[in-house]
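Peer 1: Structural data only, the sequence is not supplied:
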């Protein structure tokens with residue numbers, strides 16, 4: 001699919017959805033950069049549709065595009081052991097991590113139910129889906145939960161709230177509370193929704 005079509009899809013989605021989840025990465029594109037910026041103007045009456053993007057699975061290389069764009073929320077992967085998944089990309093642009101594969105236990109999730117499609121074609125569930133592509137929808141889902149109790153948050157405020165309520169797992173963090181490998185920590189749905197409820201009162 002062309003960059004122009006992807007950019008159009010982002011703009012269209014922003015006009016109809018509060019949260020966008022992008023479990024893909026590719027080459028830098030000015031069209032897509034502009035579309036991510038436009039999502040802040042088009043989404044939720046000007047409050048902005050938050051766009052969660054997979055950081056990439058290149059074993060510690062820099063955060064991939066479009067996750068590294070300043071208008072995206074870059075999501076890396078953590079394991080069930082509370083560590084960065086070894087395959088998860090790193091960098092200053094990383095916002096959060098969310099649970100995925102790479103630890104002792106894999107993520108158990110629903111799968112495509114059509115024959116010869118998905119990860120486990122004979123069943124409705126799988127443990128084969130992983131990577132930052134699996135972490136991203138978990139973080140995006142938490143964002144949706146937060147907006148369900150406090151829909152007046154801008155996309156920048158939503159991002160800041162998710163980062164502020166994230167769990168500081170397995171690593172060193174700088175004076176801002178940020179880690180190159182774990183962002184601001186592992187997303188915590190309970191804390192994020194609780195804080196949003198307080199702010200909404």
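Peer 2: Yep, that arrived. Given the structure is predicted, the values throughout are model-derived calculations rather than measurements.

Peer 1: Okay, residue 76 and residue 10: tell me how far apart.
Peer 2: 21 Å (CB to CB, to the nearest Å). Placement of C-beta: from N, CA and C, glycine included.

Peer 1: neighbour count winner among those two?
Peer 2: Taking other CB atoms under 10 Å, residue 76 and residue 10 do not tie; residue 76 has more neighbours (33 against 23).

Peer 1: so what secondary structure elements neighbour the helix or strand that contains that one?
Peer 2: In the assignment (DSSP states H and E), residue 76 maps to strand 73-78. Applying 3 or more CB pairs under 8 Å, 6 or more residues apart in numbering; DSSP states H and E, one finds that strand 73-78 contacts strand 50-54, strand 94-99, helix 132-149.

Peer 1: which one of the ones you listed is the most hemmed in?
Peer 2: Among those, ranked by average contacts under mean count of other CB atoms under 10 Å, first place goes to strand 50-54 (a mean of 30).

Peer 1: what angle do that one and strand 73-78 make?
Peer 2: Relative orientation of strand 50-54 and strand 73-78, computed by axes from the mean of the first three to the mean of the last three CA atoms, to 10 degrees: 40 degrees.

Peer 1: what's next to strand 50-54, contact-wise?
Peer 2: Contact partners of strand 50-54, identified using CB atoms under 8 Å, 6 or more residues apart in numbering, comprise 10, 14, 18-25, 36, 39, 43, 64, 66-67, 69, 71-75, 131-133, 135-137, 139-140, 143, 155, 158-159.

Peer 1: The same query, at a cut-off of 7 Å, please.
Peer 2: Residues from elsewhere that reach strand 50-54, judged by CB atoms under 7 Å, 6 or more residues apart in numbering: 19-25, 36, 39, 66-67, 71-75, 132-133, 136, 139-140, 143, 155, 158-159.

Peer 1: State the paired neighbours of it in the sheet, together with their directions.
Peer 2: strand 19-22 (parallel), strand 73-78 (parallel) (DSSP bridges).

Peer 1: buried ones in the last one?
Peer 2: So that's strand 73-78. Neighbour counts over strand 73-78 (16 or more other CB atoms under 10 Å) mark 73-78 as buried.

Peer 1: avg pLDDT for that strand?
Peer 2: For strand 73-78, mean pLDDT is 98.

Peer 1: go on, the first one?
Peer 2: Averaging the model's pLDDT scores along strand 19-22 yields 98.

Peer 1: now swap in stretch 120-140 and tell me
Peer 2: 90.
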